[in-house]
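Enquirer: give me coordinates for this.
(2 chains)
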Amino acid sequence: DVKVTQSSRYLVKRTGEKVFLECVQDMDHENMFWYRQDPGLGLRLIYFSYDVKMKEKGDIPEGYSVSREKKERFSLILESASTNQTSMYLCASSHSGQETQYFGPGTRLLVL
Amino acid sequence: SQQGEEDPQALSIQEGENATMNCSYKTSINNLQWYRQNSGRGLVHLILIRSNEREKHSGRLRVTLDTSKKSSSLLITASRAADTASYFCVPSGGTSYGKLTFGQGTILTVHP
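Expert: Modelled structure (predicted):
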């Protein structure tokens, strides 16, 4: 079974803090994705990566950056957390050429 | 990537009944996927149907696809309380890097 893990299930941070969300997949997938999910807005794509060191902006990249130094690991970085970044963050991965995505359990981030 | 629109927004049924959820989309697709999200198992891929298929089964799930009407349906037979979840349809036209767009979903509640 594909396994996608995220570093934390729940996280509480202060406004202005730098926040790192880590995602690791164990199936040698080329593609990795970060989404945020908010009530009434659904899942929105923040960033994705199709290879090591490669990244592409999604629909809402503002306020976020990402890092993919190793194939299995994709990090989402909030350079200076703000209260409007309080959300559920979901990581996913998929094989190149395939569109089925496998999701991690999510990180619920609260920024105070 | 395009977004599917699920209908109804919410569905409430008794255990043992069948649940039908519908999906519409706007432009031609290569395939259409259904995902489920609940608090226990997170967001999980259920089934993928290709544009040249009309019907597909997986356990208690039956998916139909009508490309002429740009619509799909997901039928869950003999529903269980554990089927309580949000269900998302995700049409795909063969996007680069496997990007997907999720809609608001249908919230299914199965009462014991």
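Enquirer: mind naming the longest strand for chain A?
Expert: strand A:42-51 (DSSP state E).
Enquirer: and that strand, anywhere near chain B?
Expert: Yes: counting by Cβ under 8 Å from any Cβ of the partner chain, chain B has neighbours in strand A:42-51: A:Gly42, A:Leu43, A:Leu45, A:Phe48, A:Tyr50. Yep, even glycine has a C-beta here, placed from its N, CA and C like the rest.
Enquirer: what does that strand contact?
Expert: A:30-38, A:55-61, A:64-66, A:68, A:71, A:74, A:76, A:90, A:96, B:43, B:88, B:97, B:99, B:101-105 (Cβ atoms under 8 Å, 6 or more residues apart in numbering or on different chains).
Enquirer: right, and the helix or strand after that strand?
Expert: strand A:54-57 (DSSP states H and E).
Enquirer: around chain A, pick out the residues from chain B.
Expert: So chain B meets chain A at B:30-31, B:33, B:42-45, B:48, B:88, B:92, B:94-95, B:97-105 (Cβ under 8 Å from any Cβ).
Enquirer: follow-up on the earlier one: just put the residues of strand A:42-51 next to chain B in TSV and tack on distance to A:Arg9.
Expert: Shown next, in TSV, are the residues of strand A:42-51 next to chain B (distance: Cβ to Cβ, whole Å):
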residue	distance to A:Arg9
A:Gly42	21
A:Leu43	18
A:Leu45	21
A:Phe48	22
A:Tyr50	27
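Enquirer: report the contact partners of the most centrally placed residue in chain A.
Expert: Central residue of chain A (Cα atoms, centre = their mean): A:Trp34, 3.0 Å from the mean position. Contact partners of A:Trp34, counting by Cβ under 8 Å, 6+ apart, are A:21, A:23, A:45-48, A:58, A:64, A:66, A:74, A:76, A:89-91.
Enquirer: mind doing that once more with 10 Å?
Expert: For A:Trp34, the contact set (Cβ atoms under 10 Å, 6 or more residues apart in numbering or on different chains) comprises A:21, A:23, A:44-49, A:55, A:58, A:61, A:64, A:66, A:74-76, A:89-92, A:104.
Enquirer: which among those residues end up buried?
Expert: A:21, A:23, A:44-49, A:55, A:58, A:64, A:66, A:74-76, A:89-92, A:104 (16 or more other Cβ atoms under 10 Å in any protein chain shown).
Enquirer: tell me the buried residues within the contacts of strand A:42-51.
Expert: Applying 16+ other Cβ under 10 Å to the contacts of strand A:42-51, the neighbour count classes A:30-37, A:55, A:58, A:64, A:66, A:68, A:74, A:76, A:90, B:43, B:88, B:97, B:99, B:101-105 as buried.
Enquirer: what about residue 52, how many residues close to it?
Expert: The chain I'm using is chain A. 13 (other Cβ atoms under 10 Å in any protein chain shown).
Enquirer: let's do chain B instead
Expert: Using other Cβ under 10 Å, B:Asn52 is surrounded by 9 other residues.
Enquirer: tell me which stretches of chain A form strands.
Expert: Counting by DSSP E, the strands of chain A are A:4-6, A:10-13, A:19-25, A:31-38, A:42-51, A:54-57, A:65-70, A:73-78, A:87-94, A:102-103, A:107-111.
Enquirer: now these in CSV, with distance to B:Leu74?
Expert: Output for the strands of chain A, formatted as CSV (distance: least, Cβ to Cβ, whole Å):
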stretch, distance to B:Leu74
strand A:4-6, 23
strand A:10-13, 31
strand A:19-25, 27
strand A:31-38, 20
strand A:42-51, 17
strand A:54-57, 30
strand A:65-70, 33
strand A:73-78, 30
strand A:87-94, 20
strand A:102-103, 18
strand A:107-111, 27
